[in-house]
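In: predicted structure and sequence below. I'll ask about it afterward.
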Amino acid sequence: MTTNFLDQLNPAQRESVESVDGPVLIVAGPGSGKTRVITNRIAYLVLHQKVSPYNIGAVTFTNKASREMKDRLVPLLGTEAKILTVGTFHSFCSMILRRSGQYLGLSNNFVIYDDDDQISAVKQSMKDVDIDPKQFNPRTVLSTISNSKSQLVNYEGFNSQKSNYYEEVVSKIFERYEEILSQSSALDFDDLLLKTHQLLTEFQDAAKIYQTKFHYFMVDEFQDTNIAQYSIAKIISETSRNLCVVGDPDQSIYSWRNADIRNILSFQSDFPEAKILPLEQNYRSSQNILDAAKNIITKNQQRVDKNLWTSNDKGSLISIDEAYDEEEEARKVIKEIQGLVDNDEYSLSDFAVMYRVNAQSRSFEMACQRFGVPYQIVGGVKFYHRREIKDITSYLRLILNSEDDISLSRIVNVPPRGIGQRTLSEVSRIARQNNKSLYESIISITSGNNTSHQLGNRAINSLNQFISCIDQLKNSAGNLDIMQLIDLTVLETGYRKYLETDENSEERMENVQEYRNSSREYSSVPALEGLVGFLEGISLISDIDTFEEGIDSITLITLHQSKGLEFPIVFITGMEEGLLPHIRSLDSGSPEELEE
């Protein structure tokens, strides 16, 4: 462990690190070393103030940022770093709900529905309440539900506030959507926050546990928090008042994901005794970059005034070029990159091509392929959303939680078992009629306890074989580590043979092997605990977590996903009027129209 870290800080950084009594707002400009300040502040609390790491919590916005924070703390604190609670807001809330969710009647083995699962649940809800998905876009409906939850408004609140025909329709879908999640012992991303807030506000015994535990609580990227996240942070810090938030309203870019810039602007009124500490020295950019950014951002009305400066060189001028269309734009960018690399000035990994929406990557992918330039794309088809990966994940989730209707619906006939849509629809009817999960309903049908169905012997036999397979895997799960369980699942379900018949079988099997390898870190913990941890980890993964640093390729990435990354040379493309900034950001457009 080292204790001379304070000597490496500039005066403003050191003041931020040593200001540990009471609430603190650190207004950290871009490139000002905020991650260093947060990690050093934690080290200062442990090494100089003798605070137990057990009593310190820090939350940030992405898994990548939390990993970086942990990696920086290990050299400072050694093994004590493992005792700290450091993670994303969603993983922090999941931890609380798995430990104390019984207050709300939650199982500690709940599953977390990712975006694909949520869309499936919305579509199923629309089908159940006879709403035409061609008339009402499921993605738009989900966005409305998510927006409501992020503002701490559950179904009951939404239903009581509905004021037009669209909201009337969404209310019906919302109600059924919540029933599906509840019956499946599942939570969506917004539930992790909403349920945690409910737990901490309605059950004082539960709130006291975490108020007592966390003497010091820190929130990174505070400008990107929503109402629910800020409320949770305030409740956690209610007893100690030692809440430190780090952010910059000028860097708020996630309003379309329900981030609320008013959180950082209202911090002073919520905590009138708070210290407001600016970090204004930029270590990352040239003076020309700072000047350009300042001339744009000063036009914003909702901001905390600060004066960014740097001791770096003035740097190159910003270049502006115009192309006839997206193909010519891509060709110009790739040729420029090739020229700089050929002159041995830079390597390919120094370059990022940024755009507003993932769809804009197409022309650049084609140009890279045409000119033989290696590239990696952040976003697009995500690894954990590939068909074969989602299938195996659904099997694992069903093994852990047999009430998971969305997972069961996905793989009940994968590989094909003779369980068609008509059979599944009949099972769904029985399930709704008796307020049971699909799994329970299949058991009641195959055991003969339910005779009100309209299924033939062939369908019943197929359902029975499926249940027998899942039961066998459930019985084995407690004695296997996660890697062994994946192997057994792929084998016993017939999924391996199923993939062998696929025209892309080799690629898909390689993906399955990579999936297995990604579970390795959970193979050393008790069987079911490892399964829970692995499934939670992949549910909470984000696009930026797939970014590989140091490989010799250019990076194609959206502006939103690039947050927190650094590249020597950046091309910002698609700057035509109405796209960047998006024209919908200038009016009252709905969040889904800004979504990537």
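Out: Sure, I can see it. Residues are numbered from 1 along each chain as shown.

In: I180: neighbour count?
Out: Per other Cβ atoms under 10 Å, the neighbour tally for I180 reads 19. Glycine gets a C-beta too; all of them are placed from N, C-alpha and C.

In: wait, isn't it in contact with S120?
Out: No - applying Cβ atoms under 8 Å as the test, I180 and S120 come out as separate, 9.3 Å apart.

In: joint contacts of these two?
Out: With contacts defined as Cβ atoms under 8 Å, 6 or more residues apart in numbering, the residues adjacent to both I180 and S120 are I406.

In: now the element after the helix-or-strand element of the chain with minimal mean pLDDT, going C-ward?
Out: The helix or strand of the chain with the poorest confidence is helix 262-265; it has a mean of 73 (mean pLDDT, DSSP states H and E). Using DSSP states H and E, the next helix or strand after helix 262-265 towards the C-terminus is helix 267-270.

In: pull the CA atoms of that next one into CSV?
Out: Extracted C-alpha coordinates of helix 267-270, given in CSV (Å, rounded to 0.1, in the frame of the first residue of the first chain):
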residue,chain,number,x,y,z
PHE,A,267,-28.0,19.7,-4.8
GLN,A,268,-27.2,22.9,-3.1
SER,A,269,-30.8,23.5,-2.0
ASP,A,270,-31.1,19.9,-0.8
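
In: which helices and strands sit right next to it?
Out: Applying 3 or more Cβ pairs under 8 Å, 6 or more residues apart in numbering; DSSP states H and E, we find helix 267-270 packed against no helix or strand.

In: can you list contacts of that helix?
Out: Applying Cβ under 8 Å, 6+ apart, the contact partners of helix 267-270 are P23, L25, F222, K234, V245, A274, I276.

In: coming back round to it: give the buried residues for the least confident helix or strand of the chain.
Out: Under the neighbour-count criterion of 16 or more other Cβ atoms under 10 Å, helix 262-265 has N263, I264 buried.

In: and for stretch 137-155?
Out: The neighbour-count check on stretch 137-155 (16+ other Cβ under 10 Å) flags 138, 140-155 as buried.

In: contacting residues around it?
Out: For stretch 137-155, using Cβ under 8 Å, 6+ apart, the contacting residues are 118-119, 122-123, 126, 157-158, 161, 167, 170-171, 173-175, 177-178, 188-191, 193-194, 197, 226-228, 231, 258, 590-592, 595.

In: write the ChimeraX selection for whichever of those residues are buried.
Out: Under the burial definition 16+ other Cβ under 10 Å, those of the contacts of stretch 137-155 that qualify are selected in ChimeraX by:
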select :118,119,122,123,126,158,170,171,173,174,177,178,188,189,190,191,193,194,197,226,227,228,231,258,591,592
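
In: show me the contacts of stretch 137-155 that map onto strands.
Out: D188 (DSSP state E).

In: bridging residues for V353?
Out: L556, F571 (DSSP bridges).

In: about what we covered before: among the buried residues of stretch 137-155, name the ones in helices.
Out: 138, 140-150, 155 (DSSP state H).

In: how about CSV for the residues you listed, with distance to N517 and pLDDT added?
Out: CSV is the format used below for those (distance: Cβ to Cβ, whole Å; pLDDT from 0 to 100):
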residue, distance to N517, pLDDT
P138, 34, 95
T140, 37, 94
V141, 37, 96
L142, 32, 95
S143, 35, 93
T144, 39, 95
I145, 35, 96
S146, 32, 93
N147, 37, 91
S148, 39, 94
K149, 35, 94
S150, 35, 89
Y155, 40, 96
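
In: all strands for the stretch 301-450 of the chain, in order.
Out: Taking DSSP state E, counting those that start in this stretch as the criterion, the stretch 301-450 of the chain carries its strands at 351-355, 375-377.

In: so which elements touch the last one?
Out: Counting contacts by 3+ Cβ pairs under 8 Å, 6+ apart, the secondary-structure elements packed against strand 375-377 are helix 361-371, strand 554-558.

In: among the ones you listed, which is nearest N4?
Out: strand 554-558 (35.5 Å; Cβ to Cβ).

In: packing partners of the closest one?
Out: Here strand 554-558 touches strand 351-355, helix 361-371, strand 375-377, going by 3+ Cβ pairs under 8 Å, 6+ apart.

In: can you say which of those is packed in most?
Out: strand 351-355 (a mean of 23; mean count of other Cβ atoms under 10 Å).

In: make a markdown table from the helices and strands packed on strand 554-558 and add mean pLDDT and distance to K82 to it.
Out: Below are the helices and strands packed on strand 554-558 laid out as a markdown table (pLDDT from 0 to 100; distance: least, Cβ to Cβ, whole Å):
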| stretch | mean pLDDT | distance to K82 |
| --- | --- | --- |
| strand 351-355 | 92 | 33 |
| helix 361-371 | 87 | 39 |
| strand 375-377 | 87 | 31 |
